[in-house]
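Quick one, what's the 3D model for this:
(chains A and B)
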Amino acid sequence: MRRALPVLLVLAAVLTAPVPLHAYLKFGFRIGSDTVDVKWATTPVRYFVNERDIAGVSAADFRATVARATATWQAVPGASLRFEDLGFTTAAPVGLDGRNTLGFLDRPDLDRVLGATSLLLDASTGTLVEADIFFNTRFQWSVAPQGEAGRVDLESVVLHELGHFVGLGHSAIGETERTATGGRRVLGSGAVMFPIAMTAGSTADRVLQHDDEAAVQDLYAADASGASSGSITGRVTKDGRGVFGAHLVAFNAETGRMVGGFSLTSDGTFVIAGLDPGPHIVRVEPLDDADVESFLSGVVDVDFRAAYAPRMVVAPAGGSSAAIEIQVVPK
Amino acid sequence: MTSPRWGATVAGVLLSCVGLASGAFAQPVDAGPSLRAHHVTFAGGVIWTGGYPIGDVTAQLRGNAVGSNPPPFMLFQAESSVDAAAGAEARVGFAMSRSLTLEVGVSYQRPGLTTSLSQDAEIAAVTIDAERLSQYVIDIGAVWQLPRITLGRRVRPFVIAGGGYLRQLYDERTLVETGSVYYAGGGVRYWLRGGDGLRRSVGLRADGRALWRVDGVEFAGQTRIAPVFGLHMFMEF
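Next comes the predicted model:
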């Protein structure tokens, strides 16, 4: 789900939970004592496009925009994700009809929700069975190549929602500030999967960032061995106890790539995967740049100051670093 | 990425040294101590290498503004350097003549890697603890003892130049970075014994070198230069 400004969480989070021990957030599904990735079992993922025109965006424009966004996800190196466009449909992008549909929907009640993705899972395997994406006609949309001031760039939002469509959750690599109306404004973003959209008219989110690429490479790895990437593992602690829900960013000092992750267990354990081998600066901060619920369920600890890992950490090729401990202090 | 300017400088220094070395063959045998031609020399001792920066990088997010190229949002800035370190070095040479020796050297050092973090809106500037590197260099060089120049009865100056292979391992030995080194410099040999062309030479050797590193642990793709000082005991066989 992508919101112009955050309000209540609408995404089907009750069906999903964050998968522990991975970078960024992937949707997960608990089967017995195991948590499995929510993903498509096979590709290409086939989809239909609703034939409805709206002001400023014809059905053909919409279909072409979706095609560009799917091509962007498909172009991620090291990932095997593929899509197939099956053409137009009159079906609405909601409900269970056995087909994956993307389209516009009138949702004036969701006055801060640009778009949302609903997922249907096979409860025995956790694999995706159906997914639909709607884009809210309450907003003015643009498909102009350079964007249009005051109009939301459709391709940017399609790209974000397609991330959910294939099983990705939100990234927290971004900084925001409170606005006078109680919402948040993005100051900077390091991922298309950041939950809050850029200013209307911006086209920046048409380009996947390193964190987005690491996520899809992990979920749909073309190289199953994982030998080309490394990971960093450790714990975030406060007063000797684990911190749940701390947001971590691993910054490769050589390549400049940033990949995020979370401490997803009560003892504060984290793993940031999909990293370029090399030395990384690891930064931890509370999850306070968007609604906590847009990332994780559970009691997330946000009462601590941002900090760095006490040393640079090397992610080895095809393996994991020795565990590090990052101690944080209350605010 | 190699800096073309430094690359040209290194090449120029090496070519100059080769030229000087070639000229040495034309020099008459001079007075003063020297190694015996066609004998092997072993030298072992300590070296110290000065610290050098390996790159300033900025962690930044895409800024939020309409337009094709909005200014980025800075998260923090990181300035990293390899610290000065002492280590051990062994060199084996073969005297082509009394003035010119070709050498193979091996050295080992454990320099620290330090990173200073700043410009973070939420965290005060901090220097994070050093990561240690295990650093190996294998090089081939030429030592040319300067003709007709003596600094006392037992001391002879020389110039040295060469190049080699650099191998650096991070602390946990899980990642290796490789590169190349080039050096040029000079020093003196002090004979404790021998040097007269009849007896085995034994003595001390001190030198200073400018060392250019290409690749290895390097965050900005630049060639780096650092001083190296060595003190060895040498023995001729």
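
show me where chain B has helices.
Listed in chain order, the helices of chain B (DSSP state H) span residues B:4-24.

How many neighbouring residues does the residue in the stretch 201-331 of chain A positioned nearest to chain B have?
With CB to the nearest CB, the shortest gap between the stretch 201-331 of chain A and chain B falls at A:P316, namely 3.4 Å. For glycine as for every other residue, the C-beta is placed from the backbone atoms N, C-alpha and C. Number of residues near A:P316 (other CB atoms under 10 Å in any protein chain shown) recorded here: 21.

Next up, the contacts around the closest residue in space to B:G164 that isn't next to it in sequence.
Using CB to CB, 6 or more residues apart in numbering or on different chains and skipping residues adjacent in sequence, the residue nearest B:G164 is B:D139, 2.7 Å away. Contact analysis of B:D139 by CB atoms under 8 Å, 6 or more residues apart in numbering or on different chains lists B:104-105, B:107, B:162-165, B:181, B:183.

and which of these is nearest B:H232?
Minimum distance to B:H232 across these is 9.8 Å, recorded for B:G105 (CB to CB).

which residues does that closest one contact?
Contacts for B:G105 (CB under 8 Å, 6+ apart) come out as B:89-92, B:137-141, B:162, B:164.

Next: A:T70.
Applying CB under 8 Å, 6+ apart, we find A:T70 in contact with A:47, A:83, A:85, A:162.

thinking the second one is in contact with A:W73, fair?
What it means is A:F83. Yes: using CB atoms under 8 Å, A:F83 is in contact with A:W73, at 7.3 Å.

Can you point out the buried residues in the longest strand along chain B?
Determined from DSSP state E, the single longest strand within chain B is strand B:126-145. Buried residues in strand B:126-145, counted by 16 or more other CB atoms under 10 Å in any protein chain shown: B:128, B:130-133, B:135-137, B:139, B:141-145.

Which positions in chain B make contact with chain A?
Contact residues (CB under 8 Å from any CB of the partner chain) of chain B with chain A: B:55, B:57-68, B:70, B:72-73, B:75-76, B:78, B:80, B:113, B:115, B:117, B:120-123, B:126, B:128-131, B:170-172, B:174-175, B:217-219.

Now do the residue of chain B found nearest chain A, the pLDDT please.
Chain B approaches chain A most closely through B:F73 (2.6 Å), counting by CB to the nearest CB. As predicted, B:F73 sits at a pLDDT of 91.

Next: B:D139.
At B:D139, the pLDDT value in this model is 97.

now do A:I281
94.

So which of the buried residues of strand B:126-145 is the closest to A:S231?
Taking CB to CB as the measure, B:E131 is the one of these closest to A:S231, at 17.3 Å.

Pick the one among the contacts of A:T70 closest to A:M258.
Lowest distance from A:M258 to the contacts of A:T70 (CB to CB) belongs to A:L162, with 21.2 Å.

Spell out the secondary structure type for the closest one.
Secondary structure assignment for A:L162 (DSSP: H, G, I helix; E, B strand; the rest coil): helix.

Tell me if I'm right that A:D212 and A:G163 touch.
Yes: using CB under 8 Å, A:D212 makes contact with A:G163 at a distance of 6.7 Å.

Find residues that contact each of those two.
Shared contacts of A:D212 and A:G163, defined by CB under 8 Å, 6+ apart, are found at A:192-193.

ok, residue 154 - contacts?
The chain I'm using is chain A. Contacts for A:L154 were tallied using CB under 8 Å, 6+ apart; they are A:57, A:62, A:65, A:135, A:141-143.

that's the other chain; I wanted chain B
Applying CB under 8 Å, 6+ apart, we find B:R154 in contact with B:33, B:190-192, B:195, B:203.

okay, now residue 66: neighbour count?
Defaulting to chain A. Around A:V66 sit 24 other residues, with neighbours defined as other CB under 10 Å.

hmm, I had chain B in mind actually
Neighbours of B:V66 using other CB under 10 Å come to 18.

Run through the bridge partners of the residue nearest the centre of chain B.
A centroid search over chain B (CA atoms, centre = their mean) returns B:L211, at 3.5 Å, as the residue closest to the centre. Beta-bridge partners for B:L211, by DSSP bridges, are B:Y183, B:A226.

again, but for A:F48
With DSSP bridges as the criterion, the beta-bridge partners of A:F48 are A:T101.

so which residue of chain A comes closest to chain B?
Counting by CB to the nearest CB, chain A gets nearest chain B through A:G188, at 2.6 Å.

Phi first, then psi, for that residue.
Backbone dihedrals for A:G188, given as degrees, to the nearest 10, come out at phi -160, psi 150.

any idea how far it is from A:G150?
A:G188 sits 21 Å away from A:G150, taking CB to CB, to the nearest Å as the criterion.

mean confidence score for stretch B:47-55?
Averaged over stretch B:47-55, pLDDT sits at 95.

buried residues in it?
By 16+ other CB under 10 Å, the buried positions in stretch B:47-55 come out as B:47, B:49-50, B:52, B:54-55.

residues contacting A:F251?
A:257-258, A:280-283, B:59, B:75, B:78.

Who does it form a beta bridge with?
A:M258, A:I281.

Now do stretch A:46-65: distance to the chain's middle.
On the basis of CA atoms, centre = their mean, to the nearest Å, the separation between the geometric centre of stretch A:46-65 and that of its chain is 23 Å.

Low-confidence ranges, the stretch 51-200 of chain A, go.
By pLDDT under 70, the stretch 51-200 of chain A contains no weakly predicted segment.

can you pull out the helices in it?
With helices called from DSSP state H, counting those that start in this stretch, the stretch 51-200 of chain A shows them at A:59-74, A:154-165.

and the angle from the shortest one to helix A:59-74?
Helix A:154-165 runs at 50 degrees relative to helix A:59-74, counting by axes from the mean of the first three to the mean of the last three CA atoms, to 10 degrees.

Which positions within helix A:154-165 qualify as buried?
Neighbour counts over helix A:154-165 (16+ other CB under 10 Å) mark A:154-165 as buried.

Low-confidence ranges, chain B, go.
Applying pLDDT under 70 to chain B flags residues B:1-31, B:68, B:130, B:172-173.

Now do the strands in it.
Listed in chain order, the strands of chain B (DSSP E) span B:40-49, B:52-63, B:73-82, B:85-95, B:100-109, B:112-118, B:126-145, B:155-170, B:176-193, B:202-215, B:224-236.

and the fourth one, which strands flank it?
Pairing partners of strand B:85-95, with direction, according to DSSP bridges: strand B:40-49 (antiparallel), strand B:100-109 (antiparallel).

relative to strand B:202-215, how tilted is it?
Interaxial angle of strand B:85-95 relative to strand B:202-215 (the same axes, to 10 degrees): 110 degrees.

What of the first one?
When the same axes, to 10 degrees is applied, the directions of strand B:40-49 and strand B:202-215 differ by 50 degrees.

Show me how the record splits chain A into domains.
Domain segmentation of chain A under automatic domain parsing yields A:2-218, A:230-328.

Show me what the residue nearest to B:P72 when sequence neighbours are not counted bridges to in the sheet.
Using CB to CB, 6+ apart and skipping the chain neighbours, the partner closest in space to B:P72 is B:Q60 (4.0 Å). Applying DSSP bridges to B:Q60 gives these bridge partners: B:M74.

B:A78 is in contact with B:Q60, correct?
No: contact between B:Q60 and B:A78 fails when scored by CB under 8 Å: they sit 11.3 Å apart.

more crowded one of the two?
The neighbour count for B:Q60 versus B:A78, taken as other CB under 10 Å, is higher for B:A78 (22 against 19).
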